[in-house]
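Asks: The following comprises the amino acid sequence and a computationally predicted model.
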Amino acid sequence: MRSTTRLLSSVTDRPIDLNEFAGSEGFLFVKDGVGVAGRGVAIRARRDQVEKVLREITDDNSSAIVDSGPVAMGCIPFIGSDPHEFVIPRIVIGKTSTGEQWISQVGADDLDLATAIMPTDSKPKTSAASFAVNPGVPVARYLEAVRRTANAVRDGRLAKAVIARDIFVSADQPFDIGAVLLRLKASFGSSYRYSIDGLIGASPELLVAVSGNQVSSHPLAGTAPRSGNPVTDAKVAEELLSSAKNQIEHRIVIDMVRDTLLPWCSFLDWQAEPSIVPVANVQHLGTEISGQLSEPRPGVLELAYALSPTPALGGAPREAALQQIAAVEGMSRGRYGGAVGYFNSRGDGTFAVAIRCAEFDATRKTARLFAGGGIVADSEPESELAETQAKFQAMLAALIRP
């Protein structure tokens, strides 16, 4: 198969907003305006096929932008061995950190690109939809799962496990996914915003990114609410930094990410102490990790599978935590808690942790939302419930904002 890549300015004299290009039916992965958006499907491929398929596309590239060209986009489910596939969009528009934009067309060169890239109507529509919010996992079941997991940690059966719950938001009209993405852009522009096959979200957490021989990750673990009052939020941030419970939870995640990446690296560095990462409605403990990959260089997809699910969404030791989750949580997570992102034929790309998300059914009248928290010995069920309630607000506001 062949593809053509060129500067976007050769097709149109105006910049294209990636959010608007993806609209309600396309594919999106973007942060701070940088990333990729796609329309149409050239190829769908399984995990064991997709890298080979990408490499076999012959790209006629006149853009002179290093990371341009066809990409694959998709989600790694929470249980990575579950069936899943990646999509190579028919048309992709990318934007670099320097503001350059490129466009790739995969397959027969039979499209009028100037027409094909016209923005979709993704402006929020006025509606009088009514909504109902109902729990998936009963709250009592969730509280008991937290109690049992904290007991398992105290008994020494594991160091940490993340227990999550879900809620369902139903509407009497289909949700406008394009409008929801625009609301997420307004509130969470510095998060990784994504829309892939009915899963949309705004994740603050970088799982792994690869660019040439450079690798980076920014794990988050440990959460506190934000009130919007700077004085109150600063005090809560100080308490988060000094919290033994949150520091333990965070250290478990950092150690796993570091130990996983080290064998692939000639050099790896990380912050000595975590810092506060504020999001619109909550704040997290975060630690930046970066390094240089050894040869033969792994691609970002291989690293994403090795890291996912991280202890920030699974636990430690991994197998013991996954067994605990399966025993007590009471739901199938699907793509929640896995990874979402994109990569090119050279193995460069970015994956975020698939959190702060909503998964739509075929009618788009029902959205399933997820939230969880890391459980250690000192975890209190009611406090963990409050943490999930705070995390739900990001997607709830985007879905039902009048």
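Replies: Good, I have the coordinates.
Asks: where in this structure is pLDDT low?
Replies: Judged against pLDDT under 70, the low-scoring parts of the chain cover residues 109-112, 114-115, 119-128, 402.
Asks: Could you pull up the contacting residues of V53?
Replies: By C-beta atoms under 8 Å, 6 or more residues apart in numbering, V53 lies in contact with I43, A45, A72, I88. C-beta here means a position set from N, CA and C on the backbone, and glycine is covered the same way.
Asks: correction: T310
Replies: T310 touches L207, P219, V253, M256, V257, V353, counting by C-beta under 8 Å, 6+ apart.
Asks: Among the contacts of V53, which one has the most neighbours?
Replies: Most neighbours among the contacts of V53, by other C-beta atoms under 10 Å: I88, with 28 neighbours.
Asks: That residue against G69, yeah?
Replies: No. Counting by C-beta atoms under 8 Å, I88 sits too far from G69 to count as a contact (10.7 Å).
Asks: Assumed R333 was part of a strand.
Replies: No. Checked against DSSP: H, G, I helix; E, B strand; the rest coil, R333 lies outside a strand; its state is coil.
Asks: Please look at G286 and P278 and confirm they touch.
Replies: No. Counting by C-beta under 8 Å, G286 sits too far from P278 to count as a contact (9.8 Å).
Asks: who's more crowded, these two?
Replies: In this view G286 and P278 are compared by other C-beta under 10 Å, and G286 has more residues nearby, 22 against 14.
Asks: How about the more buried one, nearest residue that isn't a chain neighbour?
Replies: Using C-beta to C-beta, 6 or more residues apart in numbering and skipping residues adjacent in sequence, the residue nearest G286 is V277, 3.8 Å away.
Asks: The one you found and N229: what is the separation?
Replies: Per C-beta to C-beta, to the nearest Å, V277 is found 19 Å from N229.
Asks: now E20
Replies: In terms of C-beta to C-beta, E20 sits 34 Å off from N229.
Asks: Comparing these two, which residue is more hemmed in?
Replies: Comparing E20 with N229 by other C-beta under 10 Å, the one with more neighbours is E20, at 20 against 10.
Asks: for S3, what are its contacts?
Replies: Residues near S3 by C-beta under 8 Å, 6+ apart: I57, T58, D59, D60, G69, P70, S104, Q105, V106, G107.
Asks: hmm, I was thinking of A304
Replies: I76, L207, V208, A339, G341, F351.
Asks: how does it look with 6 Å?
Replies: By C-beta atoms under 6 Å, 6 or more residues apart in numbering, A304 lies in contact with V208, A339, F351.
Asks: Restricted to strands, list the residues you listed.
Replies: Of the contacts of A304, the ones assigned to strands by DSSP state E are V208, A339, F351.
Asks: Break down this protein into its helices, ranges please.
Replies: Listed in chain order, the helices of the chain (DSSP state H) span residues 18-22, 47-55, 113-116, 139-154, 177-188, 230-242, 244-261, 300-307, 318-328, 381-400.
Asks: Output these as TSV; include the columns distance to V282.
Replies: Below are these laid out as TSV (distance: least, C-beta to C-beta, whole Å):
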stretch	distance to V282
helix 18-22	23
helix 47-55	32
helix 113-116	39
helix 139-154	18
helix 177-188	11
helix 230-242	10
helix 244-261	12
helix 300-307	22
helix 318-328	22
helix 381-400	5
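Asks: Nearest to S290, out of the ones you listed?
Replies: helix 244-261 (9.7 Å; C-beta to C-beta).
Asks: and stretch 361-379, how far from the chain's centre?
Replies: 14 Å (C-alpha atoms, centre = their mean, to the nearest Å).
Asks: which ones are touching the spatially closest residue to V146 that is not a sequence neighbour?
Replies: Spatial nearest neighbour of V146, excluding adjacent residues (C-beta to C-beta, 6+ apart): P381 at 4.2 Å. Counting by C-beta under 6 Å, 6+ apart, P381 touches L143, V146, R147.
Asks: Domain map for this structure?
Replies: 2-112, 131-191+204-400 (automatic domain parsing).
Asks: Of those domains, which is nearest M118?
Replies: Nearest to M118 among those is domain 2-112; the distance by C-beta to C-beta comes to 9.0 Å.
Asks: And stretch 258-277, end to end?
Replies: End-to-end distance of stretch 258-277: 19 Å, with C-alpha to C-alpha, to the nearest Å as the criterion.
Asks: thinking in terms of the whole chain, how far from its middle is it?
Replies: With C-alpha atoms, centre = their mean, you get 20 Å for stretch 258-277.
Asks: if we can go back for a sec, figure out which of the domains of the chain is closest to D197.
Replies: domain 2-112 (7.2 Å).
Asks: Off-centre distance for that closest one?
Replies: 17 Å.
Asks: cool, and stretch 293-301?
Replies: 21 Å.
Asks: That one: which residues count as buried?
Replies: L293, R297, P298, G299, V300, L301 (16 or more other C-beta atoms under 10 Å).
Asks: Give me the contact list for that stretch.
Replies: By C-beta under 6 Å, 6+ apart, stretch 293-301 touches V210, N213, V215, W264, C265, S266, F343, G347, G349.
Asks: could you redo the last one with a cut-off of 7 Å?
Replies: 51, 208-210, 213, 215, 264-266, 343, 347-351 (C-beta atoms under 7 Å, 6 or more residues apart in numbering).
Asks: V146 and A159: what is the separation?
Replies: Counting by C-beta to C-beta, the gap from V146 to A159 is 16 Å.
Asks: Looking at these two, which has the bigger crowd around it?
Replies: Using other C-beta under 10 Å as the criterion, V146 and A159 rank with V146 on top: 24 against 21.
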